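[1] How does the following fold in three dimensions:
(2 chains)
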2 protein chains.
Amino acid sequence: MPSQLAVIAIDAIQPQVVADFWCAVLGWHVVDEDTDIISIGPHDSSWPSIDVIAVPEGKTVKNRLHFDLRADGVSTSEELQRLLALGARRTDVGQGRDVSWVVLSDPEGNEFCLLSRSVQDVEDEK
Amino acid sequence: MPSQLAVIAIDAIQPQVVADFWCAVLGWHVVDEDTDIISIGPHDSSWPSIDVIAVPEGKTVKNRLHFDLRADGVSTSEELQRLLALGARRTDVGQGRDVSWVVLSDPEGNEFCLLSRSVQDVEDEK
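    Residues are numbered from 1 along each chain as shown, chains lettered A, B, ... in the order given. Sure, this is the predicted structure:
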């Protein structure tokens, strides 16, 4: 019987800003909140959720862990425009021009990617 | 229609070592493999999965993102022993002695926590 992946924790200088961003991106909501931690999750209570944790130090190097997202119900280009409008920034981590994904970063610079295939494309392949 | 959290990517100098470790920890298996990337996921194909990606550079600072695990079907202390036997190392990130979780790291030093409540405890509270 193995461990379950319960939570993905993100360190943040401004937890509210980071939590608000990821709620808007994923369509999630705040499920719990304490002085130094904001927990956000999907409405169906499935795991994993995300805990945004207050830390004093800022981000200094490219993250070793990052999220890859897929557009759900809209085209990837429409979703890209939505993410940029939410405050995501295009980010250069040396990916070059020939990759099929777009590298972005959240309000504290945490890199994430928008993959080119939509959720529906992936489901259709199963 | 928001984005779906599809993949959590982990940079690794030795992707096979890191992928093998997380497969053993989570009871997952390799779902796809390419030259520079090993994708692992649960047997029920639920998302998100993990992509372990080959990078030349090693880890230098505490990760901004980390996983929190919960023991599933065994006690937390039994699961801790299993994780240590798999190669997890106890790790000090300044958490002190009064926390309810155990901080560990994977073979490349990526921090993760084993939470004190089991999956069953959490389900019972719902």
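
[2] Give the buried residues for the worst-scoring helix or strand of chain A on mean pLDDT.
    The helix or strand of chain A with the lowest confidence, counting by mean pLDDT, DSSP states H and E, is helix A:119-125 at a mean of 73. By 16 or more other Cβ atoms under 10 Å in any protein chain shown, the buried positions in helix A:119-125 come out as A:V119. No exception for glycine: its C-beta is placed from N, CA and C like everyone else's.

[3] what does stretch A:33-42 give?
    For stretch A:33-42, by 16+ other Cβ under 10 Å, it's A:38-42.

[4] so where is chain A shaky, pLDDT-wise?
    Applying pLDDT under 70 to chain A flags residues A:1, A:126.

[5] Contacts for the lengthiest strand in chain A next, please.
    Longest strand in chain A by number of residues, with DSSP state E as the criterion: strand A:3-12. When contacts are defined by Cβ atoms under 8 Å, 6 or more residues apart in numbering or on different chains, strand A:3-12 is touched by residues A:18-19, A:22, A:39, A:47-55, A:57, A:59, A:108, A:110, B:8, B:25-26, B:62, B:64-72, B:79, B:83, B:113-115, B:119, B:122.

[6] quick one, that strand and strand B:3-12 angle?
    If you take axes from the mean of the first three to the mean of the last three Cα atoms, to 10 degrees, strand A:3-12 sits at 90 degrees to strand B:3-12.

[7] helix or strand right after strand A:3-12?
    helix A:15-26 (DSSP states H and E).

[8] between that next one and strand B:3-12, how many degrees?
    Using the same axes, to 10 degrees: helix A:15-26 against strand B:3-12 is 120 degrees.
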